[in-house]
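Undergrad: A predicted structure for the sequence below; I have some questions about it.
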Amino acid sequence: MADPALISIALVIVAKKALETLAGKVSEEVWKKLQGDPAQKAFAQALGIAINRYASSGTGFGANTRLKLAERLTGVDSPLKQETVAAELAHIFKFDSKPNAALVGQRWKESLLDPPVWIDFTEQSERVLENLEIALRDTDVYRPVFEAKDIAQVRASAATAAEKLTEVSSQLSSLSNLLTSDFARLIQAFSSVTPSIRDQIRDFSLRISEKTKDFVGRKVVFDALDQFLEREPCGYFIVRGEPGIGKTSLAAQLIKTRGYIHHLNVRAEGINKADSFLRNTCAQLIAVYQLPHTVLPPDATQDGGYLGKLLQEVSNGLTPDAKAVLVIDALDEVDTTGVPPGTNPLYLPVLLPSRVYIVATMQKVPLNVLTDRAPQTLDIEQDSAGNVADIREYVRQAATRPKIQAYAVAHGIDEAQFIDLLTQKSQGNFMYLRYVLPEIESGAYKDLKLEEIPTGLRNYYQDHWSRMKGQNTDEWFKYRLPVLMALTVVHESVSIEQLEEFSDVDPPRIRTVLQEWRPFLYEEEVSHNGGAQKRYRVYHASFHDFIAEKEEIADERVNQQRAHEKIADKLLSGLQLRS
């Protein structure tokens, strides 16, 4: 497995080498700043972010291949450590010309044992360098450099650079570890098909990496699934649970460790429609099972007919002991607008061929999937012995982190007490822990005893809401709440520019709100007007639901209906509103 500490070391080495190439080209005062720990850590942090964004961007074949290519950049023998390449990285600070992407690409290609012949490494290097420039602009150390277009403006301090570097290295490690799992088999299969097929494959590698980080337990679910696959000739296996209980993480772990064909519905990103599902899964079936198709027919997404045809082809070609499994996450989030009544969500087949199975996750809501065989349903109960045991193990692992230990010592509680109390407070919800543990580490609760930390996910949301509102009531209504409403009403990731238009709040204040609500947000990089653009969306659907409950609260003075109407008037092309 890729070690985050080793990745951090590799990034710092590259940063030092890059900055060292500026020796003799800047004043002694500037050189002293560049040799300081903040400058080097900030550069390493930005480089890690750039590589992470490169590895996890795009769709289909390109993204999965970039995951493999990016791993080389963080290794012991990274081509970025070469003096000539490091000099090109530092060339970003020369504002009269651009770094030599062709040179960087050539060295990158030469460092690979078997570089893909169809890859344009100059183009790939340009993407990494563009991401690096954007990431450097976002650091406190180098932002003034880009604003003034002068390296002399580099700052000598930045308190958060080291922590951010650790976080980025952990993300890169998690992505890299996908290549040592059965997921790598999928990547290889995706790269073997025609461009017209692989371009239809949606890349979920970043989401799978993120959701499987620190994964624990679920033996009860895995055992039940294995028994179902062994016992039944075909069929649906449906896992249900409350929001935040870990259904997506479970689906992601199955994909990572077993290499299952998959589709993850993400309502907040608009990835919840039948046509997207059909394109993705049909293309994956063709790639993984080497079916004799080079393009998807025009009618592949009109109904479930083509999917059913491919599933039958897969069934016919399976070896005696083989089984084909398709994992679908968040079936309850599927958009059924315009679908005739009685139609299965995503046009899922009523009849599954022999030894073909569909594993789906969903909330405990009414959802009829018409099948010839009754689906087996497994409910993950928050207070069940298995779920509580998994929660305890997750907390136990977190309790070994230095800042968690420091909090426990400061409040006079031992590890066992910490585990017991936080397990109780989580109420069996992993999403609660995903938010609260980092808050404890960051010091947000340093003045609170563990008993005083909010209990349960909803109470945690309300506590954060109240804290943000209580800082300054005028600022809350003037710009914090409008930005938050814009984030939660829009159905897709949005940029700062779009948030400005939707909320009538200026960018500096928008950035302040984004920082305050960072634990609840997911940040991504998208191509935009020939460059890259940061966009943001709410991390989990349960927070959308929490905001929705605020709609008619009079004392908030802003309600979701007015937010809908306002944004609808200004909606940019391509964005969709939550219904």
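TA: Nice, thanks for sending it over. Numbers count the residues shown, from 1 in each chain.
Undergrad: going forward, measure contacts between C-alpha atoms and count neighbours the same way
TA: Fine.
Undergrad: List the buried residues in the one helix or strand residue 109 maps to.
TA: Applying DSSP states H and E as the criterion places residue 109 in helix 101-110. Buried residues in helix 101-110, counted by 16 or more other CA atoms under 10 Å: 101-109.
Undergrad: Stretch 410-423 too?
TA: 415, 418-419, 421-423.
Undergrad: Equivalent analysis for stretch 329-338, please.
TA: Neighbour-count burial for stretch 329-338, counted by 16+ other CA under 10 Å, picks out 329-336.
Undergrad: In JSON lines: those, plus pLDDT and secondary structure.
TA: Output for those, formatted as JSON lines (pLDDT from 0 to 100; DSSP: H, G, I helix; E, B strand; the rest coil):
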{"residue": "329", "pLDDT": "95", "secondary structure": "strand"}
{"residue": "330", "pLDDT": "93", "secondary structure": "coil"}
{"residue": "331", "pLDDT": "93", "secondary structure": "helix"}
{"residue": "332", "pLDDT": "90", "secondary structure": "helix"}
{"residue": "333", "pLDDT": "89", "secondary structure": "helix"}
{"residue": "334", "pLDDT": "91", "secondary structure": "coil"}
{"residue": "335", "pLDDT": "88", "secondary structure": "coil"}
{"residue": "336", "pLDDT": "85", "secondary structure": "coil"}
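Undergrad: Out of the residues you listed, which is nearest to residue 451?
TA: Among the buried residues of stretch 329-338, residue 330 lies closest to residue 451 (CA to CA), at 33.2 Å.
Undergrad: returning to what we had before: helices or strands up against the helix or strand following the helix holding residue 109?
TA: Sequence-wise, the next helix or strand downstream of helix 101-110 (DSSP H and E) is helix 121-137. The elements that helix 121-137 packs onto, with contact taken as 3 or more CA pairs under 8 Å, 6 or more residues apart in numbering; DSSP states H and E, are helix 37-56, helix 101-110, helix 143-148, strand 531-538.
Undergrad: what angle do the first one and helix 121-137 make?
TA: So the one you mean is helix 37-56. 140 degrees (axes from the mean of the first three to the mean of the last three CA atoms, to 10 degrees).
Undergrad: Give the other helices and strands that helix 37-56 contacts.
TA: The contact analysis (3+ CA pairs under 8 Å, 6+ apart) places helix 37-56 against helix 4-20, helix 60-73, helix 121-137, helix 161-177.
Undergrad: Tabulate the ones you listed (CSV), appending mean neighbour count.
TA: Formatted as CSV, the helices and strands packed on helix 37-56 follow (neighbours: other CA atoms under 10 Å):
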stretch, mean neighbour count
helix 4-20, 21
helix 60-73, 22
helix 121-137, 20
helix 161-177, 22
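Undergrad: Among these, single out whichever gets nearest to residue 193.
TA: helix 60-73 (8.9 Å).
Undergrad: looking only at pLDDT, what's the mean for that closest one?
TA: If you average the pLDDT over helix 60-73, you get 70.
Undergrad: now stretch 376-383
TA: Per-residue pLDDT over stretch 376-383 has a mean of 91.
Undergrad: before we move on, the earlier item: of the buried residues of helix 101-110, closest to residue 488?
TA: For the buried residues of helix 101-110, the minimum distance to residue 488 (CA to CA) is 39.0 Å, reached by residue 101.
Undergrad: and that closest one, how far is that from residue 85?
TA: Per CA to CA, to the nearest Å, residue 101 is found 9 Å from residue 85.
Undergrad: Now the residue nearest the centre of the chain: which helix or strand?
TA: By CA atoms, centre = their mean, the mean C-alpha position of the chain lies nearest to residue 207, the distance being 4.0 Å. Assigned by DSSP H and E, residue 207 belongs to helix 205-212.
Undergrad: what's in contact with that helix?
TA: The contact list for helix 205-212 (CA atoms under 8 Å, 6 or more residues apart in numbering) reads 56, 64, 171, 174-175, 178, 248-250, 252-253, 255-256.
Undergrad: mind listing what's buried in it?
TA: So, applying 16+ other CA under 10 Å, buried residues of helix 205-212: 205-206, 208-212.
Undergrad: State the number of residues packed around residue 44.
TA: Neighbours of residue 44 under the rule other CA atoms under 10 Å: 30.
Undergrad: And residue 83, by the same measure?
TA: Neighbour count of residue 83, defined by other CA under 10 Å: 15.
Undergrad: Just want the phi and psi numbers for it.
TA: The phi/psi pair for residue 83 (degrees, to the nearest 10) reads phi -60, psi -40.
Undergrad: List the contacts of it.
TA: Residue 83 sits next to 17-18, 21 when contact means CA under 8 Å, 6+ apart.
Undergrad: and residue 29, that's in a strand?
TA: No. Assessed with DSSP: H, G, I helix; E, B strand; the rest coil, residue 29 is helix; it does not lie in a strand.
Undergrad: count of residues packed around it?
TA: Residues contacting residue 29 under the criterion other CA under 10 Å number 9.
Undergrad: Check residue 518 too.
TA: A count of nearby residues for residue 518, using other CA under 10 Å, gives 14.
Undergrad: how close does it sit to residue 221?
TA: According to CA to CA, residue 518 stands 32 Å off from residue 221.
Undergrad: cool, and residue 371?
TA: For residue 371, the distance to residue 221 (CA to CA) stands at 22 Å.
Undergrad: Next: residue 466.
TA: 37 Å.
Undergrad: what kind of secondary structure is the spatially closest residue to residue 430 that is not a sequence neighbour in?
TA: With CA to CA, 6 or more residues apart in numbering as the criterion, residue 430 has its nearest non-adjacent residue at 5.3 Å, and that residue is residue 245. The three-state label given to residue 245 by three-state DSSP is coil.
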